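Q: Could you work out the structure for the sequence below:
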Amino acid sequence: MVSPFHYKRVCSLIEGAGGDIVIGGLSSGRLEMTAILNPDKGSKLMKEEIFGPVFPIIDFEEIQEAIDYVRYEQEKPLVVYYFGDKSGPNAKQVESETSSGAFVVNETIYQILNARLPFGGVG
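A: The predicted model follows:
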């Protein structure tokens, strides 16, 4: 973490997120890589940029639920991560029906590994 203030900020995002911590979390004054399954969609974790080792995961039953969430609740996110069959109809549908700075299939750090790829928002 860049500073004690930033550490406290990220910790408060985790503490106020709801959902289930499935990996990592806060322990002994350290912030581990943390995955949170189904955090509250209205929480600060889901509304603010995190800038920390926290990965919120939202599980949807239907693909259209996920598309609607991105389209109507996220206001053009920096990136949409899709995990599933990359050549299947769901991946193509999510890519064509959402707008984001990037659309990444079955990867989480792909853009960081290649400095020539663009990274940023829409517009």
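Q: Show me the shaky parts of this protein.
A: 118-121, 123 (pLDDT under 70).
Q: For it, just list every one of the strands.
A: With strands called from DSSP state E, the chain shows them at 20-23, 26-27, 30-31, 34-37, 54-57, 80-82, 103-105.
Q: Run through who's touching the first one.
A: By CB atoms under 8 Å, 6 or more residues apart in numbering, the residues outside strand 20-23 that reach it are Ile14, Glu32, Met33, Thr34, Ala35, Ile36, Leu37, Asn38, Ile57. Backbone N, C-alpha and C define where each C-beta goes, glycine included.
Q: switch to 7 Å and redo it
A: Met33, Thr34, Ala35, Ile36, Leu37, Asn38 (CB atoms under 7 Å, 6 or more residues apart in numbering).
Q: Widest-spaced pair of those?
A: Met33 and Asn38 (18.0 Å; CB to CB).
Q: Looking at these two, which is more packed in?
A: Per other CB atoms under 10 Å, whichever of Met33 and Asn38 has more neighbours is Asn38, with 15 against 11.
Q: And the more buried one, how close does it get to Gly16?
A: 14 Å (CB to CB, to the nearest Å).
Q: before we move on, what about Pro77?
A: 20 Å.
Q: With neighbour numbers in mind, choose between these two.
A: Shown here are Pro77 and Gly16; by other CB under 10 Å, Pro77 has more neighbours (16 against 12).
Q: the helices in this structure, which residues?
A: 4-15, 44-47, 63-73, 89-97, 110-113 (DSSP state H).
Q: and these, which is most packed in?
A: Ranked by mean neighbour count under mean count of other CB atoms under 10 Å, those are led by helix 44-47, which reaches a mean of 17.
Q: Tabulate the CA atom coordinates of it in CSV.
A: Provided in CSV are the C-alpha atoms of helix 44-47 (Å, rounded to 0.1, in the frame of the first residue of the first chain):
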residue,chain,number,x,y,z
LYS,A,44,-18.2,1.7,-1.9
LEU,A,45,-16.2,-1.3,-3.1
MET,A,46,-18.4,-1.6,-6.1
LYS,A,47,-18.7,2.2,-6.7
